[in-house]
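A.B. asks: need coordinates for the below:
(2 chains)
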Amino acid sequence: MSTQEWSNEKVKEVWQTACAQLELELSQGVFNTWILPNPLIQISATGQKITATIVSPTGFHATNLKGKFGAHLTKVLSGVTGKSVQIDYQVGNPMLRRNENKTSTHNSQQPIKSNQAQPSTQSPRVEDLFSEANAQSVEKNQAQVRAKTVGLQKDYVFENFAVSSSNEMAHAAATAVSQNPGESYNPLFLYGGVGVGKTHLMQAIGHNILLANPSSKIVYSTGEEFTNQIINAIQTKKTINFKSRYRNADVLLLDDVQFIAGKNSVQEEFFHTFNALAKNHKQIVLTSDRPPHEILLLESRLRSRLEAGLMIDIQQPSFELRTAILLIKSKSLNIPVSIEMAKMIAARVDSARKIGGILNTLKSAIELRGKELSLELIERTLITEADQKRPKLNVKINDVIKTVSDHYHLKQQAVKGKSRKKKIALSRHVAMYICKEDLGESYAEIGRWFSGRDHSTVLHAYHKIQGLIQEDDYIQQEVSAIRMSLAGSR
Amino acid sequence: MKLEILQENLNTALTQLHRIIPNKPQLPILSSILIDVSKSNITLSATDLYVGIKTTISGKIIETGKLAIPGKIFYSSINSLNPGKLTLSLKENTLTINSQNNKTTIQCLDATDFPDFPVMNGETHSLSTVSLENIQKMVGFSTSIDPTRPVLTSLLFQFDQDGLLVVGTDGFRLSTLKLPAEKMDSNVQFLVPAKAINEVTKITSTQDVEVVSLKISEELKQLVMEIGSTQLFVRLIEGEYPPFNKIIPTQYLFEAELDGAEFENQLKRAQIFARESSNIIRLKFSKNELLITAVSSSYGKHEGKMNIEVNDGEEGEIAFNSKYLLDFMSTLKPEKIKFLMNESLTPAMMRPDNQENYQYVVMPFRVNE
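C.D. replies: Modelled structure (predicted):
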């Protein structure tokens, strides 16, 4: 026998008829106390038998209604419906039940709407503490706090990373990795010179992963920290802690990995950590100042693993990118640098890190010494700050000639010789420029190495390359690549 | 029915009962107290159908019987008598109370009309009296008194593997307290009206009991708390409790330690001016110092400074409705408090220095500079 439910209207009608009858039979107090608060909310019929559901506000109501008036109520309801009735007593909120039966609940939403119309400067509202925005901000906050405990810097996020041709590849790869850690490119190996943004990108990956999933375990460490931790762990006989910290990570960010080269037990440990993580598809991101094959003293099995993932070279920032970086940094430092000023600084400073230094000097000049931001002030700062020579490379002129000729795939004799072919002449000028700029040799001495050229020839070459570097990104990249090789071959 | 009883005992019981007797119920029997004398027990009950109290008292039973007596008048007349032995006897619906020098007769109602108390079957949890008193003191004040949102007038009790977690909120601030309790394999959650907890602590303060048992009937939506010889019947509150876990920050960027008494005094001073402008009090934390500001548009401005100890972070600025801070300080009277926050628009947290199991989370004011 199938069970049928009566419609709401019909149930209501039955209840009204029954109430009218009960109201006559009972005293007003009894009716108001025992009948009225306990409405009939549902009738389901099975053949000739029907079950009526009555909802009472409390257990007291239900108990007494059943005990004292049950028989009476059954009789009345049977009379009204014309069938034999069985009553099911429930405790609940009859108002809630009624609303549930209605198809829409717009009634209950109205008060909230009227509250939202209030201006936002008012006292927090009842909904505020549990508002979606609040829950989200708490979540975001948790991500930030986690990032802090992991050791990520809060400025190093994708939002303030300026992108141009020299680093767009790296940026794209880092974004992809942060969206699908462990899936897109594993390991991701970023390399490039000082201040090109390797660490920034790496930490931005960490931030993004935390934002999407605040509970993911991120380990950020530098090659040096990694080394020190191993040494410590071995000393205190707690290598097990060290291992569980690194091998249970969801994401491993290892900065300046070249530092572990030549340290055998450290490489050994890193090799196993690497394998354990890679096997479980955990993301690994590494940075270095040069590609794996140029890190001497790196074990070959480790090198091959590092080379198995995606290796991306980040070039020195171009003039445009430096300008963009400068504008971003000046904004975060609250220095109103105009485009003209930014261009002026970017033309004279070649690394992103130095830009930060210049801006800090400017800031202190403005805030502490009360100077006004002007082209003149910048000029003076640049003279004292930017034109300080970079640390001299500890190599000889013949090393420079060798490296330059290797770089351009030329014979050393050709570079040193008298040929005026464009390519050879350019490489010769680059070599001379580096000898002057980085080795600090005298023009005459440099000239002597290049087939006994006059010091004015060298001077000309120096100025020519200096000018080209400002204008031509390609030359600049070449020069910095050669510098890196020179520094690496030390 | 006839019995002999000490005025002290009867008066204590009636003090508990008379509070819940409704003033002018539609059904006159509800304003009465039921006295049920069986061979072994004297039981007194009262109910307004939402809350019910049943308590047994000791006395000398001479003859059994049952009667319903108008509660307020019965309580007042017993309360006015001197301590000592009373003789209560019922004859044809009239109760006679004899004491040394007084004789009172009160007209009774038909005991059979008195509502039956629900028969409870369900799970039982036990809780120490100290825990209950802590719940009332530390969490109870955070609940709302707005009857249109019944869920917020209640306290959430959540028994799980870790013990008992009690939460109270009015949507502006929130308290949570973790207490040791018997371990449960599955989670049990129910909402108890904060008023009922107040009532229980009033009862425990007069009785010397260490453990209160809580019996829950899901079906009847009823909770019975047994405090020694007294049973308190409470209607559980239905509804979905707000997702409190989502809005409690798990870590904070700024943490400071404040002297409780000094902070409370500072707040009270600032409150004088804050009263004028929707109780806004601004707190500015910097290294070793807290600046408390309140501005009144019509009278002026107050600034107070106090020394603090910053444990973590550097500085923080946040504005609150002073009521929420003062509520916390004046109810708990902590010697030292920890103040933790993240940003000026996200909830901040306070707790007495030594109470890691407690959290008081407050929603800050949105203040436009």
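A.B. asks: from here on, just use CA atoms for contacts and neighbour counts.
C.D. replies: Will do.
A.B. asks: sketch out the low-pLDDT regions of the stretch 101-250 of chain A for me.
C.D. replies: For the stretch 101-250 of chain A, applying pLDDT under 70 flags the ranges A:101-128.
A.B. asks: try it again at 50.
C.D. replies: Along the stretch 101-250 of chain A, segments meeting pLDDT under 50 span A:101-122.
A.B. asks: all strands for it, in order.
C.D. replies: Taking DSSP state E, counting those that start in this stretch, the strands of the stretch 101-250 of chain A run over residues A:188-192, A:218-222.
A.B. asks: and these: which comes nearest B:Lys323?
C.D. replies: With CA to CA as the criterion, B:Lys323 lies closest to strand A:218-222 of those, at 41.0 Å.
A.B. asks: can you name the residues in contact with that closest one?
C.D. replies: Applying CA atoms under 8 Å, 6 or more residues apart in numbering or on different chains, the external contacts of strand A:218-222 come out as A:150-152, A:206, A:245-246, A:249-257.
A.B. asks: of all the residues you listed, which comes closest to A:Ile54?
C.D. replies: Nearest to A:Ile54 among the contacts of strand A:218-222, counting by CA to CA, is A:Asp250 at 55.2 Å.
A.B. asks: ok, and the most crowded of the contacts of strand A:218-222?
C.D. replies: For those, the largest neighbour count, defined by other CA atoms under 10 Å in any protein chain shown, is 31 neighbours, found at A:Gly206.
A.B. asks: any idea how far that residue lies from chain B?
C.D. replies: Counting by CA to the nearest CA, to the nearest Å, the gap from A:Gly206 to chain B is 18 Å.
A.B. asks: my read is that that residue contacts A:Val150, right?
C.D. replies: No. A:Gly206 is beyond contact range of A:Val150, at 9.0 Å (criterion: CA atoms under 8 Å).
A.B. asks: coming back round to it: most packed of the strands of the stretch 101-250 of chain A?
C.D. replies: Burial of these is given as mean neighbour count (mean count of other CA atoms under 10 Å in any protein chain shown); strand A:188-192 ranks first at a mean of 26.
A.B. asks: now it - C-alpha only, CSV.
C.D. replies: What follows is strand A:188-192, C-alpha atoms only, in CSV (Å, rounded to 0.1, in the frame of the first residue of the first chain):
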residue,chain,number,x,y,z
LEU,A,188,62.4,23.8,-11.9
PHE,A,189,65.9,25.1,-12.1
LEU,A,190,66.4,28.9,-12.3
TYR,A,191,69.8,30.4,-12.8
GLY,A,192,71.2,33.8,-13.5
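A.B. asks: neighbours around A:Lys421, how many?
C.D. replies: By other CA under 10 Å, the residues close to A:Lys421 number 9.
A.B. asks: just the one 5 residues further on next, same as before
C.D. replies: Neighbouring residues of A:Leu426 were enumerated by other CA under 10 Å; the total is 18.
A.B. asks: and it, what element?
C.D. replies: Using DSSP states H and E, A:Leu426 sits in helix A:422-437.
A.B. asks: just the CA coordinates of that helix, formatted as CSV?
C.D. replies: What follows is helix A:422-437, C-alpha atoms only, in CSV (Å, rounded to 0.1, in the frame of the first residue of the first chain):
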residue,chain,number,x,y,z
LYS,A,422,83.0,43.2,-37.3
LYS,A,423,82.5,40.2,-35.1
ILE,A,424,86.2,39.9,-34.2
ALA,A,425,86.5,43.6,-33.5
LEU,A,426,83.5,43.6,-31.3
SER,A,427,84.8,40.7,-29.3
ARG,A,428,88.1,42.4,-29.0
HIS,A,429,86.4,45.6,-27.7
VAL,A,430,84.4,43.5,-25.2
ALA,A,431,87.6,41.9,-23.9
MET,A,432,89.2,45.3,-23.6
TYR,A,433,86.2,46.7,-21.8
ILE,A,434,86.2,43.9,-19.3
CYS,A,435,89.9,44.2,-18.7
LYS,A,436,89.4,47.9,-17.9
GLU,A,437,86.1,47.8,-16.1
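A.B. asks: pull out the buried residues from it.
C.D. replies: For helix A:422-437, a neighbour-count test (16 or more other CA atoms under 10 Å in any protein chain shown) marks A:424-437 as buried.
A.B. asks: swap in stretch A:54-67?
C.D. replies: The neighbour-count check on stretch A:54-67 (16+ other CA under 10 Å) flags A:54-66 as buried.
A.B. asks: which positions within stretch A:442-456 qualify as buried?
C.D. replies: Across stretch A:442-456, burial judged by 16+ other CA under 10 Å covers A:443-447, A:450, A:453, A:455.
A.B. asks: contacts made by that stretch with the rest, please.
C.D. replies: A:397, A:415-418, A:432, A:435-436, A:457-459.
A.B. asks: how distant is that stretch from the center of its chain?
C.D. replies: Put simply, stretch A:442-456 sits 52 Å off its chain's centre (CA atoms, centre = their mean, to the nearest Å).
A.B. asks: quick check: mean pLDDT of that stretch?
C.D. replies: Mean pLDDT, computed over stretch A:442-456, is 87.
A.B. asks: and that stretch, end to end?
C.D. replies: 11 Å (CA to CA, to the nearest Å).
A.B. asks: circling back: A:Gly370: which of the strands of the stretch 101-250 of chain A is closest?
C.D. replies: When the strands of the stretch 101-250 of chain A are compared by CA to CA, strand A:188-192 sits nearest A:Gly370, at 38.1 Å.
A.B. asks: hang on, the earlier thing: among the buried residues of stretch A:54-67, which ones are in helices?
C.D. replies: Residues of those located in helices (DSSP state H): A:59-66.
A.B. asks: B:Leu340 against B:Tyr252, yeah?
C.D. replies: Yes. B:Leu340 is within contact range of B:Tyr252, at 6.0 Å (criterion: CA under 8 Å).
A.B. asks: comparing those two, which residue is more hemmed in?
C.D. replies: Between B:Leu340 and B:Tyr252, B:Leu340 has the larger neighbour count (other CA under 10 Å), namely 24 against 20.
A.B. asks: show the pLDDT at the more buried one.
C.D. replies: pLDDT for B:Leu340: 92.
A.B. asks: next one: A:Leu393
C.D. replies: Looking at A:Leu393, its pLDDT is 69.
A.B. asks: is stretch B:140-154 positioned near chain A?
C.D. replies: No. Using CA under 8 Å from any CA of the partner chain, stretch B:140-154 stays clear of chain A, coming no nearer than 9.7 Å.
A.B. asks: quick one: buried residues of that stretch?
C.D. replies: Going by 16+ other CA under 10 Å, stretch B:140-154 has these buried residues: B:140-144, B:151-154.
A.B. asks: please parse chain B into its domains.
C.D. replies: Listed by automatic domain parsing, the domain ranges of chain B are B:2-113, B:123-245, B:248-362.
A.B. asks: dump these to a markdown table, plus distance to A:Gln42.
C.D. replies: Shown next, in a markdown table, are these (distance: least, CA to CA, whole Å):
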| stretch | distance to A:Gln42 |
| --- | --- |
| domain B:2-113 | 24 |
| domain B:123-245 | 18 |
| domain B:248-362 | 41 |
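A.B. asks: mind naming the longest helix for chain B?
C.D. replies: helix B:260-274.
A.B. asks: other SSEs contacting that one?
C.D. replies: Other elements packing on helix B:260-274 under the criterion 3 or more CA pairs under 8 Å, 6 or more residues apart in numbering or on different chains; DSSP states H and E are strand B:280-286, strand B:289-296, strand B:300-307, helix B:322-332, strand B:336-341.
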